[in-house]
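> here is a sequence with its predicted model. Questions after.
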Amino acid sequence: MTVALDTDFVRGQFPAFSEPSLAGQAFFENAGGSYTCAPVIARLDRYYRQRKVQPYGPFDASRLAGEEMDEARTRLAAMLGVATDELSFGPSTSQNTYVLAQAFRQWMSPGEAIVVTDQDHEANSGPWRRLADSGIEVREWRVDRNTGLLRLEDLENLLDERVRLVCFPHCSNIVGAINPVVGITAAAHAAGAFVCVDGVSYAPHGFPNPGQMGPDIYLFSAYKTYGPHQGIMTIRRELGQMLPNQAHWFNADTLYKRFTPAGPDHAQVAACAGIADYFDALAEHHRIAGDAATRTSGVHDLFRAHEISLLQPVLDFLSARNDVRLIGPRDATLRAPTVAVELQGPGAEAAARLAEHGIMAGGGDFYGVRPLKAMGIDPDKGVLRLSFVHYTTRDEIDQLLNALDAVL
């Protein structure tokens, strides 16, 4: 029997939903950052109260601080299907990507090539594009102007023996379409290239299993997956050891330190274990058994089923209007619930009007200037973006649709 997501239980894990100042407001800007779950807040509070010392020392507070940091890495790696030392933390995904790009710049030779897309958030595109300043050829995998989608055959036309890396998003924070990571990765690997996937816009909708999917690098942000403001990166050991060390020379032999030039935020790293606590609580409540990766996969499927059921009415509502342009697929099973629409006026103005109806949404370019331009949308006008996650309810969707009907 299919188990439905218990949204009452879910919302009970988030202090935001009992916060008086947020009462009556429906949150539809989750693509910019999600609410933080209670286990993360509790761990962060405990760390600052009891463990705010240099970790890994011989006294109890220091020892416990280090153990909590190690716990976060161990548990999240198991959830993502990778080895513990293949997961590292950084101050943000943008910073992690920048550090990686410097490592590839040192490793690659002039004349070699990388592939980037114009569907990306700038954080996963800009650092790679700057490699052109060092003589690296940058090839652009372009979206279809009408749909915003990436076509695999277009990538295959860009691949040859000079391509060393292919960078693309699991899904775009503008287009919302879920890209076929396994198929794209297989095509890149067949051509001898490594793969870097930006999972920032996908991971909030359920952790994937990069270990099974095959990309060499997978990055996302903990503050979008109900945690603190940290970037989380998985990198396959073979590639991580091949690339030049970016950290202190004496950390070169520790994989999870090689791409962290500065010391991590100890408290926030430790608090990331609260994300694992939350997923475990969901698995237990919904009777999902198995190892960490299996439980995480089960929770992922719960998230997706719930989100798809809420997303389709939104897509149908917007598709039926002739005064807006819905970006991305109209089938909820093909996309994440990050919905961008081009309006006749600026997206930010529509977001401000929605706020009067208790809808917290966003308008602008969302660092997606390249995909907007590629689809013929003026970045200065931008889009209205409506994004939600698994803790959104049917009542909030109804509130959104009523507000859209009034505003549009």
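Okay, I see it.
> which other residues reach the lowest-mean-pLDDT helix or strand in the chain?
Least confident element among the helices and strands of the chain, by mean pLDDT, DSSP states H and E: helix 122-129 (a mean of 94). With contacts defined as C-beta atoms under 8 Å, 6 or more residues apart in numbering, helix 122-129 is touched by 93-94, 97-98, 100-101, 104, 114, 116-118, 138, 165, 167, 169, 196, 198, 200, 219, 367-370. Quick note: C-beta positions are derived from backbone N, CA and C, even for glycine.
> in the longest helix along the chain, what's buried?
If you go by DSSP state H, the chain has its longest helix at helix 292-319. Buried residues in helix 292-319, defined by neighbour count with 16 or more other C-beta atoms under 10 Å: 292-293, 295-300, 302-308, 310-311, 314-315, 317-318.
> what's the first-to-last distance across stretch 200-214?
With C-alpha to C-alpha, to the nearest Å as the measure, stretch 200-214 spans 17 Å from end to end.
> if we can go back for a sec, the next helix or strand along the chain from the longest helix of the chain pairs with which strands, and in what direction?
Remark: after helix 292-319, the chain's next helix or strand is strand 325-326, criterion DSSP states H and E. Sheet pairing for strand 325-326, assigned by DSSP bridges, gives strand 338-342 (antiparallel).
> for residue 1, give me the pLDDT.
Note on residue 1: pLDDT of 49.
> ok so, going back, and the longest helix of the chain, what does it pack against?
Judged by 3 or more C-beta pairs under 8 Å, 6 or more residues apart in numbering; DSSP states H and E, helix 292-319 is in contact with helix 60-80, helix 273-285, strand 325-326, strand 338-342, helix 394-407.
> so which of these gets nearest residue 357?
helix 394-407 (3.6 Å; C-beta to C-beta).
> I'd guessed residue 351 sits against residue 357; true?
No. The pair residue 351 / residue 357 is not scored as a contact, 11.0 Å apart, by C-beta atoms under 8 Å.
> what helix or strand does residue 96 sit in?
Counting by DSSP H and E, residue 96 is part of helix 93-107.
> can you point out the buried residues in that helix?
Neighbour counts using 16+ other C-beta under 10 Å place 93-105 of helix 93-107 among the buried residues.
> list the helices and strands that helix packs on?
strand 87-90, helix 122-129, strand 194-198, strand 217-221, strand 231-235.
> so which of those gets nearest residue 12?
Of all these, strand 217-221 comes closest under C-beta to C-beta, at 24.3 Å.
> which other helices and strands contact that closest one?
Contacts defined by 3+ C-beta pairs under 8 Å, 6+ apart place strand 217-221 against helix 93-107, strand 194-198, strand 231-235.
> now it - C-alpha only, CSV.
Taking C-alpha atoms only, strand 217-221 is exported to CSV below (Å, rounded to 0.1, in the frame of the first residue of the first chain):
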residue,chain,number,x,y,z
ILE,A,217,31.0,15.6,-8.3
TYR,A,218,27.6,16.5,-6.8
LEU,A,219,27.1,19.8,-4.9
PHE,A,220,24.1,21.3,-3.0
SER,A,221,23.4,23.7,-0.2
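> from here on, call the first residue 40.
Renumbered: residue one is now 40, and that last one reads strand 256-260.
> what's next to that strand, contact-wise?
So strand 256-260 is in contact with 119, 131-132, 135-136, 139, 163, 209, 233-239, 241-242, 247, 249, 268-275, 278, going by C-beta under 8 Å, 6+ apart.
> re the thing from before, and the angle from the longest helix of the chain to strand 377-381?
20 degrees (axes from the mean of the first three to the mean of the last three C-alpha atoms, to 10 degrees).
> what angle do helix 331-358 and helix 433-446 make?
Using the same axes, to 10 degrees: helix 331-358 against helix 433-446 is 30 degrees.
> rewinding a little: neighbour count: residue 390 and residue 396, which is higher?
Using other C-beta atoms under 10 Å, the more surrounded residue of residue 390 and residue 396 is residue 390, with 23 against 16.
> just list the residues touching that one, thanks.
Residue 390 neighbours (C-beta under 8 Å, 6+ apart): 400, 401, 402, 423.
> please apply the same query to residue 296.
Contacts of residue 296 were listed using C-beta under 8 Å, 6+ apart, and they are 127, 286, 287, 290.
> try 10 Å
Taking C-beta atoms under 10 Å, 6 or more residues apart in numbering as the criterion, residue 296 is in contact with 124, 127, 284, 285, 286, 287, 289, 290, 302, 303.
> grab the longest strand from the protein for me.
strand 202-208 (DSSP state E).
> what's it packed up against?
Counting contacts by 3 or more C-beta pairs under 10 Å, 6 or more residues apart in numbering; DSSP states H and E, strand 202-208 packs against helix 132-146, strand 152-156, helix 161-168, strand 176-180, helix 191-195, helix 220-229, strand 233-237.
> one more time with 6 Å, if that's ok
With contacts defined as 3 or more C-beta pairs under 6 Å, 6 or more residues apart in numbering; DSSP states H and E, strand 202-208 has these neighbours: strand 152-156, strand 233-237.
> residue 297 is nearest to which of those?
Closest approach to residue 297 among the helices and strands packed on strand 202-208 is made by strand 233-237 (15.5 Å; C-beta to C-beta).
> pull the residues that contact whatever helix or strand comes next after that closest one.
Per DSSP H and E, the first helix or strand lying C-terminal to strand 233-237 is helix 249-252. Residues outside helix 249-252 that contact it (C-beta atoms under 6 Å, 6 or more residues apart in numbering): 119, 120, 121, 220, 221, 257, 273.
> redo that, cut-off 10 Å
For helix 249-252, the external contacting residues (C-beta under 10 Å, 6+ apart) are 116-117, 119-122, 125-126, 209, 219-221, 223-225, 234, 236, 238, 255-259, 272-275, 332, 336.
> for that helix, the averaged confidence score.
Rounded mean pLDDT across helix 249-252 is 97.
> what comes up buried for that helix?
Buried-residue list, helix 249-252, by 16+ other C-beta under 10 Å: 249, 250, 252.
> so residue 173 makes contact with residue 149?
Yes. Using C-beta atoms under 10 Å, residue 173 makes contact with residue 149 at a distance of 6.9 Å.
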